[in-house]
Structure formats: structure tokens, C-alpha cells
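Participant: Mind looking at a prediction? Sequence and model below.
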Amino acid sequence: LDTGPSRITEVTTNAEGEAVATLRKLDGARGQNNVRITIIRPSTAAADELELNVATGQTAVQWNESGLTIDKQGPQQALAGQRVQYRIDVHNAGSQTARDVSVIDDLRPGLEYQHSDPPAAITGTQVQWRLGDMIAGERKSLSVTLLASQPGTFQNCVTARTADGLTVQSCTTTSIAPAA
């Protein structure tokens, strides 16, 4: 039910006295909502009964989710023919497990994969790590060494994805100067 900031909604019961209200989480929303429930017997014109508050209760709904972040760091400058090392930090800053996390580093022409820790799967110009599930608060660090095979300015981006569709990205730029 989305009835605006105050979110007061009336729900009518069925013949058995049952009623259902559904709360839907807004995308990206985390935190807690307090829900107050008041059961009211309505007034009736025929029986001349006044409205009566039968019961009041309160509960809280905690919206939890994974909160994946990624950060890629590397040198701002290097020489052509030089090996360049990058560090990739992945963190589940959320309150739920991030399921089936994968990290993909898309290499630009002029940067060639040499090795990584942990070892990665290489497909064309993509370097991929499968990190599996990451519990709330968990951090993992990766390192990748690339060969700067030609001069130029290269923006190198890494993307992390979860099985639930959460995607985050971090980029770093390295200027490769011609070898002396």
C-alpha cells in the first residue's frame, strides 16, 4: 500500500473477520517501519451503535538487504612494457548475505592480463572471479597484475554482481607513457 508519507490505510474485513494489508519495500530502501494496527468496529445506523476501538497493536518491519560496494585502486601512471598491479576490494556493507557474488574486470586494449590473486577465469578481455556468497559485513580483496602493452590513457572498470541483481562498479584511470 502506498498512500503517501503518513500511510494511513483502511482495510475492510471479509465475512470471517479477516483482513490483509501488504507492505512493499521501495527499491533501495533499508531500515525499519513501525506499523500500528487498530481494530475498529464500525458504527451502524440500524443498531445505533457508535464506532468502537476493539484493540490496538504495534509491530516493526525491518527491511534488510545486501549492500555491496566495490573499489578498484591502481597507479595513476606507468610505462609501456611495465607490469601494473591493481587492488579490488569488495564489501557487503548490508545486513543480509549477498548471494553468488561475481566480479568482472573488463580489460581495454593495451592492458593484458598477467596473473591475479585469487586466480581468475579469463574469457577474451574479461577477467572474472566467482566469490560465492558474502555474509553481512564480509570483505574480500583481489589483486590483478596487467601488462601495459602500449601508451595511452586507460580507464579500467570492474563490476560486481549478485544473484539478486545488485550491480556496482568502480573505475580507475592509468596513463601509460612510452617506454624510455
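Facilitator: Sure thing, it's come through.
Participant: going forward, measure contacts between C-alpha atoms and count neighbours the same way
Facilitator: Noted.
Participant: my read: residue 88 touches residue 104, true?
Facilitator: No - if you go by Cα atoms under 8 Å, residue 88 and residue 104 don't touch, sitting 10.6 Å apart.
Participant: And the helices in the chain, which stretches?
Facilitator: In the chain, no helices are defined using DSSP state H.
Participant: show me where pLDDT drops low in it?
Facilitator: For the chain, the stretches flagged by pLDDT under 70 are 1-7, 23-33, 45, 47, 62-66.
Participant: again, only using 50
Facilitator: Scanning the chain for pLDDT under 50 picks out 1-3.
Participant: Would you map the strands across this structure?
Facilitator: Under the criterion DSSP state E, strands of the chain are mapped to 31-41, 52-63, 68-73, 77-79, 83-92, 98-106, 111-117, 121-123, 126-134, 139-148, 152-161, 167-177.
Participant: For burial, what's the neighbour tally of the closest residue to residue 67 other than its chain neighbours?
Facilitator: Of all residues not flanking residue 67 in the chain, residue 94 sits nearest, at 3.8 Å (Cα to Cα, 6 or more residues apart in numbering). Using other Cα atoms under 10 Å, residue 94 has 18 neighbouring residues.
Participant: before we move on, back to that, with distance to residue 9 and mean neighbour count added, can I get the strands of the chain in TSV?
Facilitator: TSV is the format used below for the strands of the chain (distance: least, Cα to Cα, whole Å; neighbours: other Cα atoms under 10 Å):
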stretch	distance to residue 9	mean neighbour count
strand 31-41	10	12
strand 52-63	15	11
strand 68-73	34	20
strand 77-79	59	17
strand 83-92	35	18
strand 98-106	34	20
strand 111-117	54	16
strand 121-123	52	11
strand 126-134	38	18
strand 139-148	42	18
strand 152-161	37	18
strand 167-177	34	17
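Participant: Any chance of CSV for these, columns distance to residue 10?
Facilitator: CSV is the format used below for these (distance: least, Cα to Cα, whole Å):
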stretch, distance to residue 10
strand 31-41, 10
strand 52-63, 14
strand 68-73, 37
strand 77-79, 63
strand 83-92, 38
strand 98-106, 36
strand 111-117, 57
strand 121-123, 55
strand 126-134, 40
strand 139-148, 45
strand 152-161, 40
strand 167-177, 37
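Participant: Out of those, which gets nearest to residue 13?
Facilitator: Across the strands of the chain, residue 13 has its closest neighbour in strand 31-41 (10.1 Å, Cα to Cα).
Participant: okay, the angle between the closest one and strand 52-63?
Facilitator: Between strand 31-41 and strand 52-63, the angle comes out at 160 degrees (axes from the mean of the first three to the mean of the last three Cα atoms, to 10 degrees).
Participant: So which other helices or strands are in contact with strand 31-41?
Facilitator: Contacts defined by 3 or more Cα pairs under 8 Å, 6 or more residues apart in numbering; DSSP states H and E place strand 31-41 against strand 52-63.
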